[in-house]
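[1] below: sequence and its predicted model.
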Amino acid sequence: MKRFICASFLLLGMVLTTEAADPTVEGRKLSAWIAEINNHDVDPAKAEKATAVLAKNAEKLLPELTSLLTSGDEDTRGTAADLIGTLGEKGKAAVPALVKLLGDSVVEVRTSAALALGQIGPDSKEAVPTLIKMLREESKPLARRGVITAMGGIGPDAKEAVPVLTNAVKGTVNKHKFDPETRAVAAEALGHIGPEAKSAVPTLIAALHETNVELRTAVVEGLGGIGPDAKEAVKPLIKVLAGDKEAEVRAAAAESLGQIHASPSDSLAALQKAFEDKEPEVRAAAAEAVGEFGKDAKGQVPALIKLLSDPEADVRTGAAVGLGSIGPDAAEAVPALTRALKDKTEAVREAAIEALGDIGTGASSALPALRDMLKNAKGTLKEHLEATIKAIEEK
């Protein structure tokens with residue numbers, strides 16, 4: 001569906017008048033704003049402005065937008081669904097109407113309906129049976145991805161969708177072949193469902209060998225999302241971390257090992273080895289992941305301290321975050337974190353402040369430097385410094 005005016009502006013005004021009220025929004029009628037959104041192919045700038053205006057006012061326009069889901073104009077139905085989706089959980093009153101829209105004859109419209117349900121989240125759980133049925137029957141990849149994304153957005157309450165999502169990762173649902181992009185979205189959705197998707201772990205492990213990079217990355221992330229219940233994936237993920245040729249996949253493997261945080265000895269050894277990866281995104285991910293093991297990662301503190309001197313700011317930030325997550329057992333890092341308070345990169349400085357607070361009373365030697373920073377601090381930085389100082393001073 002192309003969102004352009006396929007009827008006159010007058011006709012759109014008539015549709016709005018008969019199907020819903022046409023309130024004034026920031027000086028213009030709702031119908032006028034909708035028309036500009038639908039005309040985005042002709043004037044993208046105006047469409048972007050109109051979208052921003054209606055998204056800002058979507059909550060109070062929810063009754064009108066819900067009514068527009070039954071408009072005779074396909075562009076308007078899709079636009080209304082898109083706008084309702086921006087409300088997140090505040091759009092839950094529109095769920096029944098969005099479920100009905102899943103049966104729309106226009107693929108882009110039913111895709112918009114599905115995506116809106118996913119954005120609303122758990123409050124869309126009544127849509128799950130319809131979404132499962134739709135995934136089994138849908139022939140269009142765009143709509144399939146929308147349905148799968150909705151399942152992931154609903155989260156654990158979409159647990160009954162795990163079997164069909166597992167088949168989607170394998171590549172076939174009801175004799176329909178799924179492309180790698182759609183399979184990747186399914187893997188991500190399983191991760192969003194979390195521990196309730198643990199039955200999919202063997203299928204996800206098997207998919208770690210796929211040649212498509214996007215799919216491999218999504219599979220790795222899906223395993224991480226399932227968490228400790230994916231502990232059987234630790235050894236396969238360690239192999240991915242050590243040997244995958246793509247940095248984004250290795251970085252995802254590091255993050256997932258942290259999320260699963262099982263087999264501490266093997267996982268931590270692999271993550272520390274990844275501190276030497278040639279790609280900074282992998283080193284940064286490994287540093288943060290180590291912190292997920294808490295006090296079990298005390299032995300990695302010296303290596304994390306070394307990373308605080310990495311030439312890449314993202315890695316230094318990751319090291320500070322990792323040390324903070326380890327908490328009081330990372331007290332030996334206080335001098336290095338104190339020096340990091342003067343790092344040239346703001347993100348590193350902020351991570352160091354938070355880490356010192358997480359270490360707590362063991363970071364008392366950093367108090368003079370923190371108080372010195374507080375003298376000229378304003379806004380959020382001032383709040384963070386005050387919270388850190390308080391955490392260190394507490395007995």
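    Structure's in. What do you need?
[2] for the rest of this, base every contact and every neighbour count on C-alpha atoms.
    Noted.
[3] and stretch 286-295, average pLDDT?
    Mean pLDDT, stretch 286-295: 98.
[4] quote the end-to-end distance of it.
    With CA to CA, to the nearest Å as the measure, the first residue of stretch 286-295 is 16 Å from its last.
[5] can you check stretch 369-381 too?
    The first residue of stretch 369-381 is 14 Å away from its last residue (CA to CA).
[6] please name the residues that touch residue 77.
    Contact analysis of residue 77 by CA atoms under 8 Å, 6 or more residues apart in numbering lists 68, 69, 70, 71, 109.
[7] tabulate the residues you listed (JSON lines), appending pLDDT, neighbour count and distance to residue 232.
    Formatted as JSON lines, these follow (pLDDT from 0 to 100; neighbours: other CA atoms under 10 Å; distance: CA to CA, whole Å):
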{"residue": "68", "pLDDT": "96", "neighbour count": "24", "distance to residue 232": "48"}
{"residue": "69", "pLDDT": "97", "neighbour count": "26", "distance to residue 232": "45"}
{"residue": "70", "pLDDT": "96", "neighbour count": "20", "distance to residue 232": "48"}
{"residue": "71", "pLDDT": "95", "neighbour count": "20", "distance to residue 232": "50"}
{"residue": "109", "pLDDT": "98", "neighbour count": "26", "distance to residue 232": "40"}
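[8] now the helices for the stretch 51-200 of the chain?
    Along the stretch 51-200 of the chain, counting by DSSP state H, counting those that start in this stretch, helices occupy 62-68, 74-85, 95-101, 107-120, 128-137, 141-154, 162-170, 180-193.
[9] out of the ones you listed, nearest to residue 22?
    Checking the helices of the stretch 51-200 of the chain against residue 22 by CA to CA gives helix 62-68 as the closest, at 7.7 Å.
[10] tabulate the helices of the stretch 51-200 of the chain (JSON lines), appending distance to residue 334.
    Converted to JSON lines, those look like this (distance: least, CA to CA, whole Å):
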{"stretch": "helix 62-68", "distance to residue 334": "52"}
{"stretch": "helix 74-85", "distance to residue 334": "45"}
{"stretch": "helix 95-101", "distance to residue 334": "51"}
{"stretch": "helix 107-120", "distance to residue 334": "42"}
{"stretch": "helix 128-137", "distance to residue 334": "49"}
{"stretch": "helix 141-154", "distance to residue 334": "40"}
{"stretch": "helix 162-170", "distance to residue 334": "45"}
{"stretch": "helix 180-193", "distance to residue 334": "35"}
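[11] wait, a strand at residue 41?
    No: under DSSP: H, G, I helix; E, B strand; the rest coil, residue 41 sits outside any strand and is assigned coil.
[12] and it, what are its phi and psi?
    Here is the backbone geometry of residue 41 (degrees, to the nearest 10): phi -70, psi -30.
[13] quick one on the thing from earlier: CSV for the contacts of residue 77, including distance to residue 341?
    Output for these, formatted as CSV (distance: CA to CA, whole Å):
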residue, distance to residue 341
68, 53
69, 53
70, 57
71, 57
109, 51
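[14] what's the closest of those residues to residue 136?
    Nearest to residue 136 among the contacts of residue 77, counting by CA to CA, is residue 109 at 18.3 Å.
[15] is it correct that the closest one is in contact with residue 101?
    Yes: using CA atoms under 8 Å, residue 109 makes contact with residue 101 at a distance of 7.5 Å.
[16] shared neighbours of the two, anything?
    Counting by CA under 8 Å, 6+ apart, residue 109 and residue 101 have no common neighbour.
[17] between the helices of the stretch 51-200 of the chain, which one is nearest to residue 34?
    Of all the helices of the stretch 51-200 of the chain, helix 74-85 sits nearest to residue 34, with 7.0 Å by CA to CA.
[18] what about the closest residue to residue 144 other than its chain neighbours, how many neighbours?
    Nearest non-adjacent residue to residue 144, counting by CA to CA, 6 or more residues apart in numbering: residue 135, 5.9 Å away. Residues near residue 135, counting by other CA atoms under 10 Å, number 25.
[19] what does the one 4 residues further on give?
    By the other CA under 10 Å criterion, the neighbourhood of residue 139 contains 14 residues.
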